[in-house]
Each structure stands twice: as structure tokens, then as C-alpha cells.
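K.L.:
show me the folded form of this:
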Amino acid sequence: MSELVIRGGYVVDPSQNLEGIMDVEIRGGRVHRIAPHIEPRTRPTLNARGRIVTPGLVDLHCHFFEEVSHYGVNLEASMLARGVTSAVDTGSAGSQTFSTFRKGFLEPAQMTTRAFLNISAGGLLIDGLGENVDMRALRVEDAVDCYKKNLEVLLGMKVRLSRNVVERSGGKPLDAALDASNTLKVPLMVHVGDTPDSLPKILKKLRQGDVLTHAFHGRPESILDRRGRVRQVVWEARDRGILLDVAHGRSSFSFETLEAAMAQGLMPGNLSTDLHTHCINGPVYDFPTLMSKFLAIGFSVNEVVRLSTQTAAAWMGMEGEIGTLRPGARGDAVVFLMQEGRFRFIDSEGSQRQGGQMLKTVYVVLGGKALRPGGKDRRRLQKLRK
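P.N.:
Numbering: from 1, shown residues only. You can find the predicted model right below:
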């Protein structure tokens, strides 16, 4: 494993309440220490002066079952090259496709990778055909058996509940996913947005540790009632430990919904992209653009970094291992340039906000190895998955 000293950057690590100009030393692929000055001696150095240094980003919701699922993007070029060093695929594969996904994508990855298992056996295979329209595809026993064989790489079950995904199945897919997750005693991630069942009905079935993903969408059955007030059941869900996951995606994030919720004191539990082939060219683009979007609506750099690193790592049970620069953690970091100017940001509804800052990834450090996206290491990034 590589050794490295990242020198002179403005370190932002909310997991340690740490912010200021410091050096970061990585030994044996792990963070060794952070100090105002670290003598590199003969070790390689990375000049981060005038840049922001953060822990590697943790994306709790993305899709990288490339060329099998119609959603899958290239893990290294679309995520690692932009600063994501830990990625979670959310239900691209089901019980019949997970073995292929694990062998071809999870195991070869240099990054930290995990997944949610789709309750539908095929996962997300066919564009325009919802995986839950036919309940015969939702085989609880097969899902449970597959999950037990892949415990070390799975975080929970996944179910999508939008009308175009379930059609006549209605709320039955949620019950099947709950059956599997209760049997396994694991979390359930529930995709909402224009659901045939009401959001209160869905939320009342969820348990501590479950994830409401696309929580701030602007479609019917959102977290807001008809008067624009946060529904009481949403407060209750948050208070009993249900994670409110942003998961921007193609059609699942609304500035208006988020701003109305924030004005009432309801904040997102974490940032995630829902990056896939249908949103990589807009409106999501990548994780740093998502972070910049939240800067534009008033979040501080520290808060944006916290929601992009520490909170997801804690939910995953990997706090202290990823999403932090604490000594002993994996030596993953990002060096950002903060560009100043006038930038336009667009949500999934087409609404726009103006911002004065844009984060641009300059270097990615993975296990102590420094990579420069778009520079001489571009070819190396593309070949990480062998």
C-alpha cells in the first residue's frame, strides 16, 4: 500500500470537528495522523495548498451494474474520478442477477462497495418496464436465500413503489420487501415518489434504521401536505430513526420541497446522487455538483461534507473506517478546488437556483494512492476494475 503526505490543504472533517490548514499523513493505506506540519522526508507528497481536503465521499444511493442494468454507470469514471471512494448500489440486482453483479462489479472494485438487494428477482433490467408490475417476480424465499449467501456485501433490501414501477401491484411489493427484511432482520430502503399508496401508510410500516429514499421529491405523495406543511408522520418517522435520503436522480429532488421542509426545521439525513445513465448528463452530473447545489441554497461547506461522508458511513456501520480522516481509517480523501463565479443549478423539476461556488475534484486519494482525474492518471482510473 502507498504512503503519502497531503500538504497544506484546508482540511474539513466533520467526523472530528476538524477544520483548518493541515497536513494529512497516510501510511500503509491508512490515515496515520493530521497535524499543522508533517515532514515528508522521502515519502511522496501531494500539494493541496489553496485547496479543500475532505474524507472520500460516501454515496449511499447509486447504480453501477454497467451494461446489464439500463441504469448502470461506470463506477470508476463516473464516481471514483469525481471523489466517491465508497459507493452503494441500490437494487440494480435481484436474487437471479446478484451473483453476476457481485463477481463482475463488487469484488473487482478498488473502492469500498456495498449493495442493496432488489426484492424483484431480476432487479433493474428493462427500461420502461417496472420490476414490480408482476408479483410473480417478487420471490421472498429466493431473496432471503440470496441475501444469506452475500451477507458481507449487502446492507439491506430495496423496493421501488412509484406507480409506473408497481402498476396493479399497488402496495403489495412493500409488503413482500418487509417480509424479507423482517425475516433477515436487515434494513429496507423504500423508493417513493408518485406512489399509489399514501406516504403516511408507507411510513407507518417502516422501522428504525430503514431508509426513505428520494425523500425530498416534488411529485404526488411527498413529505409535504397540501398546505405545504411537513406531514406529522414524517416527523415521527425521522424521530424513530428512519433515514431521509436525498437521492437526487432524474425525477426525485425538488428545491421547493427541500426549502419548505428546511424552513420548518426538517433537514436531510444525508446526500446521495442516485447517479445512473438517465441523470448523469443532467440534472445530477456527479457528487461534487450535488454538493455545490446544496452550497447554493445555503448549506455550509462543513455541513455539506458531513452529509456526504460521515452520516452515510455511520448508517452503514462503518464510522471510523470510511467517511473520515481519523487515524486508523482507510486512507481515502478528496482534494477539491472551490471555483468562484456564477453557476446555475437545476433540480429534477426544472427549477433553478443560482450559486457562487462550484466544487471541482482535483485529486482523489484511494487507500493512500493519489489519482488525478483527467490528468496523467486518467488511464489508470479507467483500468482500476480489472
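
K.L.:
how close does the residue nearest the centre of the chain sit to Ile223?
P.N.:
For the chain, the residue nearest the mean C-alpha position is Asp59 (2.3 Å; CA atoms, centre = their mean). Distance of Asp59 to Ile223, given as CB to CB, to the nearest Å: 22 Å. All C-beta atoms are positioned from the backbone trio N, CA, C, and that covers glycine.

K.L.:
sorry, back to before: pLDDT of the helix or strand where the residue nearest to the centre of the chain lies, averaged?
P.N.:
Using DSSP states H and E, Asp59 falls within strand 57-62. In this model, strand 57-62 has a mean pLDDT of 98.

K.L.:
same for it, what does it pack against?
P.N.:
When contacts are defined as 3 or more CB pairs under 8 Å, 6 or more residues apart in numbering; DSSP states H and E, strand 57-62 sits against strand 84-90, helix 310-315.

K.L.:
among the ones you listed, which is the most enclosed?
P.N.:
strand 84-90 (a mean of 28; mean count of other CB atoms under 10 Å).

K.L.:
domain map for the protein?
P.N.:
The chain is divided into the following domains under automatic domain parsing: 4-55+327-382, 57-315.

K.L.:
among these, where is the model least confident on average?
P.N.:
domain 4-55+327-382 (a mean of 92).

K.L.:
reformat the domains of the chain as a markdown table; add distance to Glu321.
P.N.:
Output for the domains of the chain, formatted as a markdown table (distance: least, CB to CB, whole Å):
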| stretch | distance to Glu321 |
| --- | --- |
| domain 4-55+327-382 | 6 |
| domain 57-315 | 7 |
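
K.L.:
one step back: ok, the residue nearest to the centre of the chain - contacts?
P.N.:
Residues counted as contacts of Asp59 (CB atoms under 8 Å, 6 or more residues apart in numbering) are Met79, Val84, Ser86, Ala87, Val88, Ser272, Thr273, Leu275, Phe287, Ala312.

K.L.:
try it again at 6 Å.
P.N.:
Val84, Ala87, Ser272, Thr273, Phe287 (CB atoms under 6 Å, 6 or more residues apart in numbering).

K.L.:
which one of the helices and strands packed on strand 57-62 lies closest to Gly282?
P.N.:
strand 84-90 (18.1 Å; CB to CB).

K.L.:
what's the closest one in contact with?
P.N.:
Taking CB under 6 Å, 6+ apart as the rule, strand 84-90 contacts 56-64, 79, 111-116, 158, 287, 322, 332, 366.

K.L.:
strands of the stretch 51-200 of the chain, residue ranges please.
P.N.:
Using DSSP state E, counting those that start in this stretch, the strands assigned to the stretch 51-200 of the chain run over residues 52-55, 57-62, 84-90, 112-118, 154-160, 188-191.

K.L.:
in the chain, which helix is the longest?
P.N.:
helix 172-184 (DSSP state H).

K.L.:
can you give me the angle that one makes with strand 112-118?
P.N.:
Angle between the axes of helix 172-184 and strand 112-118 is 120 degrees (criterion: axes from the mean of the first three to the mean of the last three CA atoms, to 10 degrees).

K.L.:
for the chain, what spans make up the helices?
P.N.:
Counting by DSSP H, residue ranges of the helices within the chain are 75-78, 98-101, 140-149, 163-166, 172-184, 199-203, 232-239, 255-263, 287-296, 301-308, 310-315, 378-382.

K.L.:
between the ones you listed, which gets nearest to Arg342?
P.N.:
Here helix 287-296 is closest among these (CB to CB), at 10.5 Å.

K.L.:
so which elements touch that closest one?
P.N.:
Packing partners of helix 287-296 (3 or more CB pairs under 6 Å, 6 or more residues apart in numbering; DSSP states H and E): helix 301-308, strand 352-366.

K.L.:
distance to Leu258 and mean neighbour count added to these, as JSON lines?
P.N.:
Shown next, in JSON lines, are those (distance: least, CB to CB, whole Å; neighbours: other CB atoms under 10 Å):
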{"stretch": "helix 301-308", "distance to Leu258": "12", "mean neighbour count": "22"}
{"stretch": "strand 352-366", "distance to Leu258": "10", "mean neighbour count": "19"}
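
K.L.:
on that earlier part again, pick the most deeply packed of the strands of the stretch 51-200 of the chain.
P.N.:
strand 57-62 (a mean of 30).

K.L.:
which residues does stretch 342-351 contact?
P.N.:
Residues contacting stretch 342-351 (CB under 6 Å, 6+ apart): 218, 251-255, 283, 293, 296, 352-353, 355, 358.

K.L.:
make that stretch 21-33, sorry
P.N.:
Contacts of stretch 21-33 (CB under 6 Å, 6+ apart): 1, 3-7, 10-11, 34-36, 38, 325, 327-329, 331, 367-368.

K.L.:
against His32, how distant is the closest residue in space to Pro40 that isn't next to it in sequence?
P.N.:
Once flanking residues are discounted, Pro40 sits nearest to Val5: 4.4 Å by CB to CB, 6 or more residues apart in numbering. Per CB to CB, Val5 is found 9 Å from His32.

K.L.:
same deal with Trp235?
P.N.:
From Trp235 to His32 the distance is 43 Å (CB to CB).

K.L.:
okay, the two: which has more neighbours?
P.N.:
His32 (18 against 14; other CB atoms under 10 Å).

K.L.:
tell me how many other residues surround Asp179.
P.N.:
Around Asp179 there are 17 residues (other CB under 10 Å).

K.L.:
how about the nearest residue to it once chain neighbours are set aside, what does it touch?
P.N.:
Using CB to CB, 6+ apart and skipping residues adjacent in sequence, the residue nearest Asp179 is Val140, 5.1 Å away. Shown in contact with Val140 (CB under 6 Å, 6+ apart): Ala176, Asp179, Ala180.
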